[in-house]
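Q: For reference, the sequence and a predicted model appear below.
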Amino acid sequence: MAPSKLNPNGDASVSCSQPENGLIDLFNSEKAVQELLQQPPVQGIDDHLIEFSEALRTVAKALRRVSEGKASAQAEAAEWKRKYELERARNLQLERKELSSGEHNGDCSAENLTNQPMMCNEARKQSERCCGMHGIFSHEVLHNGEIDSDTEMVNNKFMRKASFKLSWWCKGEKSDQHKQDIVSFERGNITTAERSSKQISLKWESHPQTVLILTKPNSTSVRILCVDMVRWLREQKKMEIFVEPRVKVELMTESPNFDFVQTWKDDKETLLLHTNVDLVVTLGGDGTVLWAASLFKGPVPPVVPFSLGSLGFMTPFHSEQYRECLDSILRGPFSITLRHRLQCHVIRDAAKSEYESEGPILVLNEVTIDRGISSFLTNLECYSDGSFVTCVQGDGLILSTTSGSTAYSLAAGGSMVHPQVPGILFTPICPHSLSFRPLILPEHVTLRVQVPFNSRGHAWASFDGKDRRQLAPGDALVVSMAPCPVPTACQVDSTSDFLRSIHDGLHWNLRKTQSFEGPRDL
Ligand SMILES: NC(=O)c1ccc[n+]([C@@H]2O[C@H](COP(=O)([O-])OP(=O)(O)OC[C@H]3O[C@@H](n4cnc5c(N)ncnc54)[C@H](O)[C@@H]3O)[C@@H](O)[C@H]2O)c1
Ligand SMILES: Nc1ncnc2c1ncn2[C@@H]1O[C@H](COP(=O)(O)OP(=O)(O)OP(=O)(O)O)[C@@H](O)[C@H]1O
C-alpha cells in the first residue's frame, strides 16, 4: 500500500507497492500514513488546497484503520495455520509410532487415556467404544502438547481441552444406573440435545372404547350436558361409559334407559379404574380436574376438561362444541400437557420409620402447611434432600406444582410458571420477614417440612385445598415429585393454552395502549 505524501506546496504523491505474495505491504503503508498524519495541517489562503489537504488526512486515517485490522487478521490466520500444521504433524507421528509398535493393546482405562498425548482416530474410537460400554463419563485429553522440544513451548501455550460426558445421577441410585444424556459433549462443548418440556402429542394406537365422565355436583347445566353427552357417546360413538355412583343415580332418575352406564362400588374398585378407562372427560371447573386427578393414585388416562366453571385454567374446552372436540380427540392425534403431581407423606413423630404410617397423598396443585385456627406464627423447618433450606415463620408455606402456580401460590406472591416446566414452587404465606422471596426448586428434590418440638402451636396440611390433617410438634411432611403425571388434552398446545388461560382468566398485563399523540423521540 501507499506511501503518500503531502509536500509543503500541497501536492500529494501517492505510490503503491504490491509485495510478491499479493498482500498489501503493511509496514510501508503504515509508515506512509504516519508520515502524512504527522504533517502539520496546510496553512494558507487557498480554500481548495486546505479542503484537499483535509480530505487526504481523512483518507490516511481510514487507511490506517484498515491496515491495522488486516494486520491482526493476518496474524491470527498465520497462528491458526501453524496450529493446524503442528496438529497434523503430531497425528502423523503418532500414527507412524502405532504402526511401528504393531498393535494397540486395547487398554483404555481413564488413566491411560489421560496420559496419551493426542489420540489418533482409531484410539479415540476405541476409547469411545470402551467407555460407551461402561456407560460412564470419559476424560479424554484431546490436546496435550508433548512432541518434540521445538514445538513443546508452543504447545504448552495451547489450552489442554478434555472432552467429557455428563450423566444424570440421582441420590440413592447405583453408580451404574445413569439416566439418558440430554446434552452432547463433543470436544468439551456442552450443547443441549433434548428439551425436557417438548410439546407432547398423543396418538391412539388402537381405538379408544371406554370413557369416564366426571361432573361437578349440584349444577343443573352440568347435569343436562352430562345426559346429552352420555347419549351421544353411546349412540354415535359406541363407547362404554363409566360415571361416579352419584351420577349413575341421577341418570337412572332421568331415564331407566341409562342402565348401560357403568359405575363402581367402593375405593378398591376405584383403584382399578385406570385399567379400564381410555379417556376421562370432566364437566366443571378446575376443581373437577383436581377431583379427577385425585381418583387416580397411579397412572392417569388422558383427561379432556370441559369448562363449566368461572375461571378454567386447566379446562380449555368449550362445552357448546363438545361433539366436535370429542370427535377429534377420539380420532387423535392431539396435544397434551403432562401435569406433574407431588406425592406427600405425613410422617408422625411416633412412627418408627419414614414411610411406615400413611400412604402418599397426591396433589396436582399444591400442598399447604398453615397455622389453621391457631393464632400463633407457624414455625416450620424446611430441608431439601437433607440440606437446611430455611425456617418459615408466618402463616405457612405452599409447595406447589407448576400447574398449581396460578392457584394459591400465585395469591401468595409466587411466580406463574408454564405447567410443563419441571419444578417445585416454594412459596411462603405471609412470612414475617422482609426478605423471604418465593423459590422454584428443581423437580428432583425431596422436601421435608418439620414442625419443631419447640413449636408453640400445631400446623395443618391440606392437599389441593382439601383433606386437612393436623401436624403436631415433631411431625413432618415429606414431599417429592410423583411418578405419574396427569395428561390433560390441549385445545391448541400447552403454551397457547397456558397463555390463553392467564390472559382470559387473570387479565394478565391488561393495560390500555398509550396513544400516539404526545411527546416522543424524534
Ligand atoms: N387464596 C387463594 O387463592 C386460595 C385459597 C385457597 C385455595 N385456593 C386454591 O383452590 C384450589 C382448590 O380449587 P377448588 O376448585 O377445589 O376450590 P374452590 O372451588 O374454592 O376454587 C378455588 C379457585 O381456584 C381456582 N383454581 C384451582 N386450581 C387452579 C389452577 N391450577 N390455576 C388457577 N386457578 C385455579 C379455581 O378455578 C377456583 O376459582 C386449591 O388447590 C388452591 O390452589 C386458592
Ligand atoms: N365429581 C366431584 N365430586 C365431588 N366433588 C367435586 C367433584 N367435582 C368437583 N368437585 C368439587 O367441587 C368444587 C367446585 O368445583 P369446580 O371448581 O369444578 O367448579 P367451580 O367452583 O364452579 O369452578 P371454578 O373453580 O372455575 O369457579 C371443587 O372443590 C371440587 O373439588
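A: Arrived safely, thanks for sending. Values in this document were obtained by computation on a predicted structure and should not be read as measured data. Numbering: from 1, shown residues only. Ligands and ions are numbered 1, 2, ... in the order given.
Q: quick one: low-confidence parts of the stretch 101-250 of the chain?
A: When residues are selected by pLDDT under 70, those of the stretch 101-250 of the chain lie in 101-188, 193-197.
Q: Enumerate every residue touching the one residue in it that gets nearest to ligand 2.
A: Across the stretch 101-250 of the chain, no residue is closer to ligand 2 than residue 216, which sits at 4.3 Å (Cβ to the nearest ligand atom). (Each C-beta comes from the backbone N, C-alpha and C, glycine too.) Residue 216 makes contact with 222, 283-285, 287-288, 308-309 under the criterion Cβ atoms under 8 Å, 6 or more residues apart in numbering.
Q: With residue 465 instead?
A: Residue 465 touches 290, 365, 368, 408, counting by Cβ under 8 Å, 6+ apart.
Q: Indicate whether the strand or helix carrying residue 223 makes contact with ligand 1.
A: In this assignment (DSSP states H and E), residue 223 forms part of helix 220-235. No - applying Cβ under 6 Å from any ligand atom, one finds helix 220-235 separated from ligand 1 by no less than 13.8 Å.
Q: got the contact list for that helix?
A: Outside helix 220-235, the residues that touch it by Cβ under 8 Å, 6+ apart are 211, 213, 215-216, 239, 241, 243, 247, 250-251, 254, 258, 260-261, 281, 283-284, 306, 308, 319, 322-323, 326.
Q: Average pLDDT for the longest strand along the chain, rounded please.
A: Longest among the strand segments of the chain by residue count, using DSSP state E, is strand 387-400. Model confidence over strand 387-400, given as mean pLDDT, is 97.
Q: send the alpha carbons of that strand over as PDB?
A: Taking C-alpha atoms only, strand 387-400 is exported to PDB below (Å, rounded to 0.1, in the frame of the first residue of the first chain):
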ATOM      1  CA  SER A 387     -29.900 -29.700  53.400                       C
ATOM      2  CA  PHE A 388     -31.400 -26.900  55.600                       C
ATOM      3  CA  VAL A 389     -33.400 -24.500  53.400                       C
ATOM      4  CA  THR A 390     -35.000 -22.100  55.900                       C
ATOM      5  CA  CYS A 391     -37.300 -21.700  58.800                       C
ATOM      6  CA  VAL A 392     -40.800 -20.400  57.800                       C
ATOM      7  CA  GLN A 393     -42.200 -18.000  60.400                       C
ATOM      8  CA  GLY A 394     -45.500 -16.700  59.200                       C
ATOM      9  CA  ASP A 395     -48.900 -18.000  58.200                       C
ATOM     10  CA  GLY A 396     -47.500 -21.000  56.400                       C
ATOM     11  CA  LEU A 397     -45.900 -22.500  53.300                       C
ATOM     12  CA  ILE A 398     -47.100 -23.600  49.900                       C
ATOM     13  CA  LEU A 399     -45.300 -26.400  48.000                       C
ATOM     14  CA  SER A 400     -46.800 -26.200  44.600                       C
END
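Q: show me what contacts the nearest residue to residue 247 once chain neighbours are set aside?
A: On the basis of Cβ to Cβ, 6 or more residues apart in numbering, the spatially nearest residue to residue 247 that is not a chain neighbour turns out to be residue 215, at 5.8 Å. With contact taken as Cβ under 8 Å, 6+ apart, residue 215 is in contact with 222-223, 226, 243-244, 247, 282-284, 288.
Q: Please repeat the previous calculation with a cut-off of 10 Å.
A: Contact analysis of residue 215 by Cβ atoms under 10 Å, 6 or more residues apart in numbering lists 222-223, 225-226, 229, 243-244, 246-247, 250, 281-284, 288, 291, 306, 308.
Q: Same check on residue 433?
A: With contacts taken as Cβ under 10 Å, 6+ apart, residue 433 has the following neighbours: 390-394.
Q: where does it sit relative to residue 377, distance-wise?
A: As for residue 433, its distance to residue 377 is 11 Å (criterion: Cβ to Cβ, to the nearest Å).
Q: Same check on residue 514?
A: Distance from residue 514 to residue 377, counting by Cβ to Cβ: 44 Å.
Q: ok, the two, which is more surrounded?
A: The neighbour count for residue 514 versus residue 377, taken as other Cβ atoms under 10 Å, is higher for residue 377 (18 against 7).
Q: Find the residue closest to the more buried one in space, skipping its chain neighbours.
A: Spatial nearest neighbour of residue 377, chain neighbours left out: residue 393 (5.0 Å); criterion: Cβ to Cβ, 6+ apart.
Q: Can you name the residues bridging to that neighbour?
A: residue 379 (DSSP bridges).
Q: Tell me the residues of the stretch 301-450 of the chain that contact ligand 2?
A: When proximity is defined as Cβ under 6 Å from any ligand atom, the stretch 301-450 of the chain approaches ligand 2 at 309-312.
Q: Most widely separated two among those residues?
A: Greatest spatial distance in those: 310 and 312, 7.5 Å, computed using Cβ to Cβ.
Q: what sits in contact with each of the two?
A: By Cβ under 10 Å, 6+ apart, the residues touching both residue 310 and residue 312 are 285-286, 505.
Q: and whichever residue of the stretch 151-300 of the chain sits closest to ligand 1, how many neighbours does it have?
A: Of the stretch 151-300 of the chain, the residue with the smallest distance to ligand 1, taken as Cβ to the nearest ligand atom, is residue 287 at 2.5 Å. By the measure other Cβ under 10 Å, the count of residues near residue 287 is 18.
Q: Now do the helix or strand hosting it against helix 220-235: the angle between them, please.
A: Under the criterion of DSSP H and E, residue 287 resides in helix 286-295. Using axes from the mean of the first three to the mean of the last three Cα atoms, to 10 degrees, one finds that helix 286-295 and helix 220-235 are set 50 degrees apart in direction.
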